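Colleague: Got a sequence here, can you build the structure:
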Amino acid sequence: MPGKTFPIAVIGTGGIVKDAHLPAYKKAGFPVWGLMNRTRARAEELALEFAVPHVFTSLEEMVAAAPEEVIYDLALPASMFADSLRQLPDHSYVLIQKPMGENMAQAAEILEVCRSKNLKAAINCQLRFAPFVLAARSLIDAGEIGDLLDVEMRLNVFTPWELFPFLEGIPRLEMVYHSVHYLDLIRSFLGQPRSVMARTVPHPALPKLASVSSTMILDYPDPLRVTITTNHTHRFGAKHQESYLKWEGTKGAIKARIGLLMDYPRGVGDEFEYCLLREGREPEWVKVPIEGSWFPEAFIGTMAQVMRAKEGIEPDMPTSVEDVIKTMACVEAAYESNRIGGVKPEAYEH
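Modeller: As a prediction, this is how the structure comes out:
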């Protein structure tokens, strides 16, 4: 957490701001100075609910009135990021909602704007700061489970896509707007993969949406196996729904249930457990209660890193645009893999 807090100007008032950004900042004691939305009634409603003193209908108006030490929290659709960043004062501190653009061209443009204006910008890849991820990282960094051998993200749920109408009609969806979280998280543990293999598909019941389920294999040196599997259209009740991250190592394993994604947005609660191999003893899983969850607590971490950077404590933000551009390269590689397909068995038929 930062030693000093700074006023926050939130640009955009969509569901993620209401459900995660503002509750997180309230819980952390981060002061929200103003909200901006083209529909004033929406901004005023949230301002009243979260005691935010200022409301604006244009970014130009907000920038003109903003206090000197403000941090901008950009929570618009990803295709609007670059133009919005150009309107911010040079040398501003900014937290940009993920993803870093909808494709690599937009990501590169965002990076170029941040560099040219000397913006100190981070991407809101908040899964890195989820309490169950911080707990797993502490065990892994301490060497408790040994060298990592297998990292798996598995999702088999029914996602209510109607809560995100802005996703209708865009050419890319699941991997860039959802699985980007897991790509970014895995990079934070293992670094950049050597290559990415992927397949992403649509669903006939969702004709307005591009691909909504994906499978990815991230290629790291032997003996690492890394997979991401996401099925958002499991419409068959709660019995076989799954949502978990799993790390297996030479000396132990960790499994974290991401309860938020099951029965979203209500969620079913997280679970965190680990198993350490002991000579002469049967493997035993130990369940540990973890305070907080992905929403809203992880959003405290992403803003805290920007405040720490502005304070001078931690100038290299973990999810800076300079780092997350590499996550976007993985996303682009995944879409290219999906486009070109795999090796055809017919080439080997006789």
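
Colleague: need the contact list for Arg257.
Modeller: Ser243, Tyr244, Gly269, Asp270, Glu271, Phe272 (CB atoms under 8 Å, 6 or more residues apart in numbering). In short, each C-beta sits where N, CA and C put it, glycine included.

Colleague: Sorry, wrong one. I was asking about Val196.
Modeller: Counting by CB under 8 Å, 6+ apart, Val196 has contacts Met216, Ile217, Leu218, Asp219, Cys330, Ala333, Ala334, Ser337.

Colleague: all helices for the stretch 101-250 of the chain, in order.
Modeller: 104-116, 131-141, 180-190 (DSSP state H, counting those that start in this stretch).

Colleague: Just the buried subset of the contacts of Val196, please.
Modeller: Met216, Ile217, Leu218, Cys330, Ala333, Ala334, Ser337 (16 or more other CB atoms under 10 Å).

Colleague: could I get those as JSON lines with distance to Phe56?
Modeller: Rendered in JSON lines, the data for the buried ones among the contacts of Val196 read as follows (distance: CB to CB, whole Å):
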{"residue": "Met216", "distance to Phe56": "40"}
{"residue": "Ile217", "distance to Phe56": "45"}
{"residue": "Leu218", "distance to Phe56": "42"}
{"residue": "Cys330", "distance to Phe56": "36"}
{"residue": "Ala333", "distance to Phe56": "39"}
{"residue": "Ala334", "distance to Phe56": "37"}
{"residue": "Ser337", "distance to Phe56": "42"}
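
Colleague: Quick check: strands, which of these are part of them?
Modeller: Members of those lying in strands (criterion: DSSP state E): Met216, Ile217, Leu218.

Colleague: Report how many residues lie close to Ser188.
Modeller: 17 (other CB atoms under 10 Å).

Colleague: Give the residue spans of this structure that score low on pLDDT.
Modeller: Of all residues in the chain, none has pLDDT under 70.

Colleague: which residue ranges form the strands in it?
Modeller: 8-11, 32-36, 54-56, 71-74, 93-97, 120-124, 148-156, 195-201, 213-219, 225-231, 242-249, 252-257, 271-276, 285-287.

Colleague: So which residues make contact with the fourth one?
Modeller: In this case it means strand 71-74. With CB under 8 Å, 6+ apart as the criterion, strand 71-74 contacts 6-12, 21, 81, 84-85, 88, 92-97, 303, 306-307, 310.

Colleague: hmm, back to that, tell me which of the helices of the stretch 101-250 of the chain sits most buried.
Modeller: helix 180-190 (a mean of 22; mean count of other CB atoms under 10 Å).

Colleague: Just the angle for it relative to strand 242-249, thanks.
Modeller: Calculated by axes from the mean of the first three to the mean of the last three CA atoms, to 10 degrees, helix 180-190 forms an angle of 10 degrees with strand 242-249.

Colleague: Run through who's touching helix 180-190.
Modeller: 98-99, 125, 127-128, 133, 137, 140, 148, 151, 153, 175, 193, 216, 218, 220, 224, 226, 228, 230, 245, 247, 318-319, 324, 326-328, 330-331, 334.
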